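Colleague: here is my input; please provide its structure:
(2 chains)
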Amino acid sequence: MGSSVLPTNTRPAMQARAGLRTVLRMLWADKLACAAAVFLLIVLLCAILGPLTLNELASGTNLRARNAPPFSLERGVFFILGGDALGRPLLARIIVAAQNTMAIAASAVIASLLVGATLGLIAGYAGRWLGEVIMRLADVIMSFPSLLLAVIVLYVLAPSIANLVLVLAITRVPIYLRTTRAEVLEVRERMFVQAATVMGASNRRIIFRHILPVILPTLLTIATLDFAFVMLAESALSFLGIGIQPPEITWGLMVSQGRQYLTNAWWLAFWPGLAIILTTMSLNLLSSWMRVALNPTQRWRLEVGGRKHG
Amino acid sequence: MADHLLEVRNLSVRFHTTGGVVNAVNGISWHLDRGETLGILGESGSGKSVSAAAIMNLIDRPPGEITSGQILFDGQDLLQASEEERRRLNGKRISMIFQDPLSHLNPVYPVGWQIAETALAHGVAKAEAYARALDLIERVGIPDPKGAMRKYPHQFSGGQRQRLMIAMALVQKPDILIADEPTTALDVTVQADVLSLLEELQEETGMGLLLITHDLGVVAEACDRAVVMEGGRIVESGTPRGLYHNAQHPYTRKLLAAAPGRGEMREPESGRTPILQVRGLRKSYGGFEALKAVDFDLHAGETLAIVGESGSGKSTIARLILRLEEADAGSVKWKGEDVLTKSRRQMGGLRRQLQMVFQDPTQSLNPHMSVYDIISEAWVIHPDILPKAQWPTRVAELLEQVGLKPEHTQRYPHQFSGGQRQRIAIARALALEPDLIICDEAVSALDVSIQAQVIALLGELRDRLGIAFIFIAHDLPVVRDFADRVLVMQRGRVVEQGSVRQIFESPHEPYTQRLLAAGLDADPDVQAERRAARRQLARAIGQMADIVQ
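Modeller: You can find the predicted model right below:
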């Protein structure tokens, strides 16, 4: 081993740097995923910096700029995408809304992914009795119309961002739960899991080292698709008046506010809608890149680089 | 030049893959006459199936590309024929059967319908097609042909399914039958039956039979001529007897040398203490009794082979000893302690001493882990074996011990060949420094020459480290070279046990005799003797059945 000559304390740092470089090189090999990553980085920057810098501009009304058409620079660069029904610049509002949208969607998706995957692992790996209880609970949630559940919960509790995340997360949990359980039931019978059992591996080790890496790509793919669903569900709740309360804004809320002007001012709903679509698509591209990058048998496609592979 | 029924001239096929162009076969030529059986012998990756695929128009183009050659059938070049013409020939005049009959029979249709379908597709009237199907099902030896017509593929055993595939291939009375590894997935006794069925059918119809196989025994048993392929080229051809006795090419010689069942038989040493005592072990699945009270002992440093057909319960024994499944009754004493009553935690310590090597290394190695992670996982689980600082050196050592290079540590399992993967699996088992390794069909999925290497490796480890082995196999010749004692199992019972010499030279039970007679030997002369013995045995069993009735 050549590397054992190095002082031990520098090795992890060097490995980490080499690892990062490999990841970036693999990302560069897939141009679409690369573009998606850049776009998501921009959205993230908007979400962090937008409300700090553009809040005034995004909430200041200007009745002369009501429904101002897009692609004109005479009112300033933030009116390039047009103005809304109260004359507020759409671009600034989209940038500011990125924070709420991302916060709600990301936390709802991550919460449901974590809870669903954990319960799914338990249901799939633990005994039959516990598994059955968990599955029936999931059935109960699924049999309940999710919008109705949301309306009741948000009516009882106050409509706040935290409660909104809670409701969205609960309604999405069964999807991860069922997928995880189904995959676990299959993977746990695979030979390498049995080989680990024969070596005396603990349940925790088998689950986290042998089963989870196999099912993680599937879960991540579902999560990215779910991202769009959660954004739209949030807008539906906001439209009903029990979601986000104006003057707070999200992309979904902007779409539903723009809906009544669709015939004469399409840009009100179009731009925030485009933002939703692009974000979801980027996440999706990135997740399919990640599925290849995480799989040692597929990784060469990215490592050979440059050439296009079907 | 005389006209042959089928002639392949100078055929070259290559595949365009992401890893570059692969020349699957390179300018090969062979021919097949009416009533003749030609064997194509080769290991995996030798291109032995490619020419058959070219004949049947089964090569996907792209990525495949036929770069040169002719396939002459009845004087017509198939490679120049139109798609329509070839469809008319396929199934009607040239038929094919495959290795795994289950995946080539449609599970949702009754088999009678499926067999008749081949005839219907070529324009035979319905009544006629069904009559022919019934006739063939009877001919290939399926009991109750009328009832069988209405049954579905899953209701038949593996051997019966292969018979049904043969029936399906013969519906149109083809001139040529191509059989691609037709008996590889079958038990030895069933294999012999299927091969003799093919032979009988050939005598009746006079068709040409092309037998693609990796098994020297199949060539010795069934072929009139054979060609040996390596790396996409034909390296040698001739009669089985000629090839066996005067092989010219080094590759053929290597294959023959690798054929198991040639070496000295081992004698069990007496006076060793038993380390594993199995008593009254039972297991049922639903109403099916997989194991009916099995007893045996294993001594320290001894190799015990368990042989039997599929469904005889030999793998179940391994799974019960290692607690991959729970036994219904009985005891398994490992160095005096009962394994079956241990709690999960107590079992953890014992697992170090009992290891297993599985049949298919592709599935038994986690594809997401590098070789280093796979081998060192043993020490993550049992940290007291080795301090972490020594892991890299020990992994390199183990890899060298099993014949791999220490630089391979950062590679992943898919970057290795099948034989190399099995070596990694063995290195993983050795990492725990066990006293007993259970090999469940550990060499069955490997090519003959690789199989010989892995067996040699296991033998060396046994002699050097004094590890005891339980070696589960369906292949008797392998067992003959490697084991000290043999346990013969049938339908969940031990029917006979004894030293290798006792079992191979003077078997007492008829079942053991049948197993031995059914095994295929690479030597055509030995094989001819066995065939005679098998016929005699079959006749004797038939007479016995008559007497009983």
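Colleague: spatially nearest residue to the closest residue to chain A within the stretch 51-200 of chain B, not counting backbone neighbours?
Modeller: Relative to chain A, the nearest point of the stretch 51-200 of chain B is residue B:63 (10.4 Å; CB to the nearest CB). For every residue, glycine as well, the C-beta is placed using N, CA and C. Distance criterion CB to CB, 6 or more residues apart in numbering or on different chains; nearest residue to residue B:63, sequence neighbours excluded, is residue B:16 at 4.6 Å.
Colleague: same check on residue B:476?
Modeller: Spatially, and ignoring its direct neighbours in sequence, residue B:476 is nearest to residue B:519 (4.6 Å; CB to CB, 6+ apart).
Colleague: contact residues of chain B facing chain A?
Modeller: Residues of chain B lying near chain A by CB under 8 Å from any CB of the partner chain: B:18, B:322, B:324, B:347-349, B:351-352, B:354-356, B:358, B:360, B:363-370, B:377-378, B:380-382, B:392-393, B:396, B:412, B:414, B:425, B:428, B:432.
Colleague: show me the shaky parts of the chain.
Modeller: Since you didn't name a chain, this refers to chain A. A:1-17, A:65, A:304-310 (pLDDT under 70).
Colleague: right idea, wrong chain: chain B
Modeller: Chain B contains residues with pLDDT under 70 at B:1-2, B:17-19, B:62, B:261-263, B:270-271, B:541-542, B:544-549.
Colleague: in it, which helix is the longest?
Modeller: Taking DSSP state H as the criterion, chain B has its longest helix at helix B:524-548.
Colleague: now for that one, which elements pack on it?
Modeller: Contacts defined by 3 or more CB pairs under 8 Å, 6 or more residues apart in numbering or on different chains; DSSP states H and E place helix B:524-548 against helix B:216-222, helix B:240-245, helix B:510-518.
Colleague: got phi/psi on the most centrally placed residue in chain B?
Modeller: Against the mean C-alpha coordinate of chain B, by CA atoms, centre = their mean, the closest residue is residue B:184 at 4.5 Å. Residue B:184 adopts backbone torsions of phi -60, psi -40, taken as degrees, to the nearest 10.
Colleague: residues contacting it?
Modeller: B:99, B:213-215 (CB atoms under 8 Å, 6 or more residues apart in numbering or on different chains).
Colleague: please determine how far it is located from residue B:79.
Modeller: Using CB to CB, to the nearest Å, residue B:184 is found at 29 Å from residue B:79.
Colleague: the residue of the stretch 51-200 of chain B closest to chain A and residue B:13 touch, don't they?
Modeller: No. Judged on CB atoms under 8 Å, residue B:63 makes no contact with residue B:13 at a distance of 10.8 Å.
Colleague: higher neighbour count, the two?
Modeller: Set residue B:63 next to residue B:13 and count neighbours by other CB atoms under 10 Å in any protein chain shown: residue B:13 wins out with 24 against 13.
Colleague: just confirm that one is within a helix.
Modeller: No. Residue B:13: not assigned to a helix; according to DSSP: H, G, I helix; E, B strand; the rest coil it is strand.
Colleague: shouldn't residue B:175 be in contact with residue B:207?
Modeller: Yes. Between residue B:175 and residue B:207 there is a contact under CB under 8 Å: 5.7 Å.
Colleague: quick one: contacts for residue A:86?
Modeller: Contacts of residue A:86 were listed using CB under 8 Å, 6+ apart, and they are A:61-63, A:66.
Colleague: which one of the residues you listed is nearest to chain B?
Modeller: Taking CB to the nearest CB as the measure, chain B sits nearest to residue A:61 out of the contacts of residue A:86, at 55.3 Å.
Colleague: got the residues of the stretch 51-200 of chain A near chain B?
Modeller: Counting by CB under 8 Å from any CB, the residues of the stretch 51-200 of chain A near chain B are A:190-192, A:194-200.
Colleague: how many neighbours does residue 83 have?
Modeller: Using chain A. With other CB under 10 Å as criterion, residue A:83 counts 28.
Colleague: um, chain B though
Modeller: With other CB under 10 Å as criterion, residue B:83 counts 8.
Colleague: repeat for residue B:436
Modeller: The number of residues packed near residue B:436 is 23, by other CB under 10 Å.
Colleague: contact partners for it?
Modeller: Counted by CB under 8 Å, 6+ apart, residue B:436 has contacts B:275-276, B:298, B:334, B:353-355, B:467-470.
Colleague: contact partners for the closest residue to chain B within the stretch 151-300 of chain A?
Modeller: Residue nearest to chain B within the stretch 151-300 of chain A: residue A:200 (3.4 Å; CB to the nearest CB). Taking CB under 8 Å, 6+ apart, we find residue A:200 in contact with B:347-349, B:351-352, B:381-382.
Colleague: try it again at 6 Å.
Modeller: If a contact means CB atoms under 6 Å, 6 or more residues apart in numbering or on different chains, then residue A:200 has B:348, B:351, B:381 as its contacts.
Colleague: of these, which belong to helices?
Modeller: Members of the contacts of residue A:200 lying in helices (criterion: DSSP H): B:348, B:351, B:381.
Colleague: what helix or strand is residue 275 on?
Modeller: In the absence of a named chain, this looks at chain A. Secondary structure assignment for residue A:275, by DSSP states H and E: helix A:267-294.
Colleague: right idea, wrong chain: chain B
Modeller: Going by DSSP H and E, residue B:275 is in strand B:274-285.
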